[in-house]
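Novice: would you be able to build a 3D model of this:
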Amino acid sequence: MHAVSRRDFLGTIAAGLVYAHRAPAQAPTRKLNVLHILSDDLCCRLGCYGDPMAKTPNLDRLAARGVRFDRAYCQYPLCNPSRASIMTGLRPDTTKVYDNQVYFRDVVPDVVTIPQSFKKAGYNVARVGKIYHYGVPSQIGTDGLDDAVSWEKVVNPKGRDIDDIGIVEVLALDADGKATTVTGKELKDTGGTLSWLAAEGADSDQTDGLGAAAAIRMLEERAADSKPFYLAVGFYRPHTPFIAPKAYFDQYPRDRITLPTVPPNLKELFPAPALATQRPAQTTMSDDLRRTAIQAYYASVSFMDAQVGLLLDALERLQLDDDTIVVFNSDHGYHLGEKDLWQKQSIFEESARVPLIISVPGNAANGKASARPVELVSLHMTLTDLCGIEVDSKTQGHSMRPLVENPEAEWKHAAYSQVERRPPKNDPSPPVMGRSVRTNRWRYTEWNEGAAGVELYDHNTDPEEMRNLANDTQYKSVVEELKTLLHRRGK
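Specialist: Down below sits the predicted model:
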């Protein structure tokens, strides 16, 4: 720890938190470090979020020493659009990033990112692994769509999981049009669909194990430096291929995995764009194959959780835990068979909702949870506010600092998510944009401003979003109110 006693430091932080959100430029006496951990394709299937099967002891302990946000939402449930929004603090309609190919600076060249805000305030800024977008697994070990001006130092780990790609099981269709698995696929064939491997070797052989080790070395360097730091660590799991050492698969016996119920009249219940990401190889899976895929996902989550634990242990060993904010979030959620949907790119709860934990040393609210709807686009404003540094005037979202300090504080903001549906090749039809707003009680969604479908779900009575109430005259006033809110889009 730096040259201040633990007791005096905690007293300073406690005093600093009293000024709440009245003066964001009013800096704490001592600058706080930030360890920002991102997971890839992680939904809220974690112990601290109430999942009885998930074995995630390290994220659970982080939640116990931080504030857990139970209604946190991404702005676009796809890697590149979401990460561009998170790291810039700009909404997708501002960055114009709606796919995994566009680099946000081609649209907003002068945007100030989270690490740039910290660098301007005198921080060391560095990243390990996937923070901006990388094709997984094909771009692991490269810079991908990284933003070079954001960082002073970068590490791109590449582990055994890449060498093992040829033995990964990949979901495919057999000659009869039924789901099966094949092996011997290339890198480009394993990231876009369900694929998995119970790997030989140790955690430290895997890309995320190497990433954790590199991040710990950076923490060790920072512990000897008087300069504060912003360190972003991006783990690739549980993104497909679901690769983890065999021991993690053993933690999840397949016969104990419960499958979601899929009604036979599914397509009658929802607008067509809502289910447009269904794929034949996924919708024809046998129950045994579904359980195998879910087992592999859980195994990858537990493996990633173990790497988070190494980082938390290092913070404590290096006595950095008393002056380091730890933030954990995913880029978006993930479907595991609900509504016959798998992976991402829906704006149902499973795909749009994300885990988010913010742990501030000495915060009296640590260990509590907030049920207020919040957005990942707000992380830029939140982290700069918590550290008392300036944020660019163009940054969007709302500082979550009031909720970090008091999870039940008054909160007048909703959460907005969107996703685009593009027509098949050679189809001249224009894209269909889906936009959704989430309040404490409701989710309301429009496809092409309602022309391609409208959805309304009451989370008080229907948390699985199976009963679309949008055309029920009983809820006409609710629809009108939420329609107005949706069209405000975070303004």
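Novice: distance check, the residue most central in space within the chain against Tyr236.
Specialist: A centroid search over the chain (CA atoms, centre = their mean) returns Ser330, at 1.7 Å, as the residue closest to the centre. Distance of Ser330 to Tyr236, computed by CB to CB, to the nearest Å: 12 Å. Just so you know, the C-beta spots here come from the backbone N, C-alpha and C atoms, and that holds for glycine as well.
Novice: now do the strands in the stretch 301-450 of the chain.
Specialist: Secondary structure of the stretch 301-450 of the chain (DSSP state E, counting those that start in this stretch): strands located at 324-330, 335-336, 342-343, 353-359, 369-375, 415-421, 432-438, 442-447.
Novice: as a markdown table, those with mean pLDDT and distance to Asp146 would be great.
Specialist: Below are these laid out as a markdown table (pLDDT from 0 to 100; distance: least, CB to CB, whole Å):
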| stretch | mean pLDDT | distance to Asp146 |
| --- | --- | --- |
| strand 324-330 | 98 | 19 |
| strand 335-336 | 98 | 28 |
| strand 342-343 | 97 | 23 |
| strand 353-359 | 98 | 22 |
| strand 369-375 | 98 | 23 |
| strand 415-421 | 98 | 24 |
| strand 432-438 | 98 | 27 |
| strand 442-447 | 98 | 32 |
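Novice: dump these into TSV; add distance to Phe242 as well.
Specialist: Formatted as TSV, those follow (distance: least, CB to CB, whole Å):
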stretch	distance to Phe242
strand 324-330	15
strand 335-336	11
strand 342-343	11
strand 353-359	18
strand 369-375	28
strand 415-421	23
strand 432-438	27
strand 442-447	28
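Novice: those: which one's closest to Val136?
Specialist: With CB to CB as the measure, strand 342-343 is the member of the strands of the stretch 301-450 of the chain nearest Val136 (12.0 Å).
Novice: and that closest one, which strands flank it?
Specialist: As defined by DSSP bridges, the strand partners of strand 342-343 come to strand 335-336 (antiparallel).
Novice: which residues belonging to the biggest helix by length in the chain are considered buried?
Specialist: Counting residues, the longest helix in the chain under DSSP state H turns out to be helix 287-317. Buried positions in helix 287-317, judged by neighbour count with 16 or more other CB atoms under 10 Å: 289-312, 314-315.
Novice: that helix versus strand 324-330: what angle between them?
Specialist: Orientation of helix 287-317 against strand 324-330 (axes from the mean of the first three to the mean of the last three CA atoms, to 10 degrees) gives an angle of 170 degrees.
Novice: packing partners of helix 287-317?
Specialist: With contacts taken as 3 or more CB pairs under 8 Å, 6 or more residues apart in numbering; DSSP states H and E, helix 287-317 sits against strand 33-39, helix 57-64, strand 195-199, helix 207-223, strand 242-245, helix 246-250, strand 324-330, strand 335-336.
Novice: count the residues that sit near the closest residue in space to the residue nearest to the centre of the chain that isn't next to it in sequence.
Specialist: Spatial nearest neighbour of Ser330, chain neighbours left out: Leu42 (3.7 Å); criterion: CB to CB, 6 or more residues apart in numbering. Residues within reach of Leu42, counting by other CB atoms under 10 Å, total 28.
Novice: specify the angle between the longest helix of the chain and helix 57-64 in degrees.
Specialist: Helix 287-317 runs at 60 degrees relative to helix 57-64, counting by the same axes, to 10 degrees.
Novice: tell me the mean pLDDT for helix 287-317?
Specialist: For helix 287-317, the mean per-residue pLDDT is 98.
Novice: contact partners for the nearest residue to Arg254 once chain neighbours are set aside?
Specialist: Using CB to CB, 6+ apart and skipping the chain neighbours, the partner closest in space to Arg254 is Arg291 (4.4 Å). For Arg291, the contacting residues are Arg254, Asp255, Ile257, Leu259, by CB atoms under 8 Å, 6 or more residues apart in numbering.
Novice: list the contacts of Ser138.
Specialist: Contacts of Ser138 by CB under 8 Å, 6+ apart are Leu187, Lys188, Gly191.
Novice: any chance of those residues in a markdown table with pLDDT and neighbour count as columns?
Specialist: Output for the contacts of Ser138, formatted as a markdown table (pLDDT from 0 to 100; neighbours: other CB atoms under 10 Å):
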| residue | pLDDT | neighbour count |
| --- | --- | --- |
| Leu187 | 88 | 17 |
| Lys188 | 85 | 11 |
| Gly191 | 88 | 20 |
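Novice: from those, which ones fall inside strands?
Specialist: Among the contacts of Ser138, no member is found in strands (DSSP state E).
Novice: how is this structure partitioned into domains?
Specialist: 6-157+203-239+295-413, 422-491 (automatic domain parsing).
Novice: relative to Asp163, which of those domains is closest?
Specialist: With respect to Asp163, and counting by CB to CB, the nearest of the domains of the chain is domain 6-157+203-239+295-413 at 9.1 Å.
Novice: Gly144: what's its closest spatial neighbour, skipping adjacent residues?
Specialist: Tyr134 (3.2 Å).
Novice: and that neighbour, backbone torsions?
Specialist: phi -130, psi 140 (degrees, to the nearest 10).
Novice: I'd say it and Pro157 touch.
Specialist: No: at 11.2 Å, Tyr134 does not count as touching Pro157 under the criterion of CB atoms under 8 Å.
Novice: okay, and the common contacts of these two?
Specialist: Listed as contacting both Tyr134 and Pro157 by CB under 8 Å, 6+ apart are Ile140.
Novice: OK, contacts around Lys153?
Specialist: Counting by CB under 8 Å, 6+ apart, Lys153 touches Asn124, Ala126, Arg127, Met218.
Novice: looking at those residues, which are in strands?
Specialist: Short answer: the contacts of Lys153 in strands (DSSP E) are Asn124, Ala126, Arg127.
Novice: buried subset of those residues, written for PyMOL?
Specialist: One line in PyMOL is enough to select the buried ones among these; burial here means 16+ other CB under 10 Å:
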select buried, resi 124+126+127
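Novice: now the ones in strands among the contacts of Lys153 in TSV, with pLDDT?
Specialist: Shown next, in TSV, are these (pLDDT from 0 to 100):
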residue	pLDDT
Asn124	97
Ala126	98
Arg127	98
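Novice: pLDDT weak spots in this structure?
Specialist: Applying pLDDT under 70 to the chain flags residues 1-30, 490-491.
Novice: picking that back up, turn the domains of the chain into TSV, including distance to Pro263.
Specialist: Output for the domains of the chain, formatted as TSV (distance: least, CB to CB, whole Å):
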stretch	distance to Pro263
domain 6-157+203-239+295-413	9
domain 422-491	8
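Novice: most tightly surrounded among these?
Specialist: Highest mean neighbour count among the domains of the chain (mean count of other CB atoms under 10 Å): domain 6-157+203-239+295-413, with a mean of 21.
Novice: about what we covered before: mind giving me the ChimeraX select for the contacts of Arg291, buried ones only?
Specialist: Only the buried entries of the contacts of Arg291 go into this ChimeraX selection, using 16+ other CB under 10 Å:
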select :257
